[in-house]
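> Here's my sequence, what's the structure:
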Amino acid sequence: MAEQIDFSDICPPALFADENPHLFNQPGCPKIEYLMRTRHLNGLSDCGAVIEPVRRRPMIVKPKFLEWLLARRHAA
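Reported below is the predicted structural model:
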């Protein structure tokens, strides 16, 4: 069965970073701006964690971002 994603699961990158300072505001952690700039290289776009629905402004899909993050952690 397909995962159910609703509008509350989608947000702009800046809001996502504000909601999760432990992921982005620590020394040695990548900044959200860098992750968004490299989204086509780091896999965020390919896995559906970043979408560009309106005027090419990228939005984060929270559950997909978590899957991407966990997959990278397990691969390391």
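> Quickly find the element holding the residue nearest the centre of the chain.
Residue closest to the mean C-alpha point of the chain, counted by Cα atoms, centre = their mean, is F65 at 4.1 Å. Here F65, judged by DSSP states H and E, is contained in helix 62-75.
> that older thread, and the pLDDT at the spatially closest residue to the residue nearest to the centre of the chain that is not a sequence neighbour?
Counting by Cβ to Cβ, 6 or more residues apart in numbering, F65 lies nearest to A49, which is 4.2 Å off, once chain neighbours are set aside. C-beta here means a position set from N, CA and C on the backbone, and glycine is covered the same way. On pLDDT, A49 comes in at 96.
> Same check on the one 4 residues further on?
P53 carries a pLDDT score of 79 in this model.
> How about R73?
Confidence score, pLDDT, at R73: 75.
> what's the nearest residue to C29 if we skip its chain neighbours?
L23 (6.3 Å).
> Please look at the one you found and K31 and confirm they touch.
No: between L23 and K31 there is no contact under Cβ atoms under 8 Å: 10.1 Å.
> what about these two, which has more around it?
L23 (15 against 12; other Cβ atoms under 10 Å).
> What helix or strand is that one located in?
Residue-wise, L23 maps onto helix 21-24 under DSSP H and E.
> Equivalent analysis for G48, please.
Short version: G48 belongs to no helix or strand, going by DSSP H and E.
> Check the gap between it and P27 for me.
30 Å (Cβ to Cβ, to the nearest Å).
> Ok, R55 next?
Applying Cβ to Cβ to R55 and P27 gives a distance of 34 Å.
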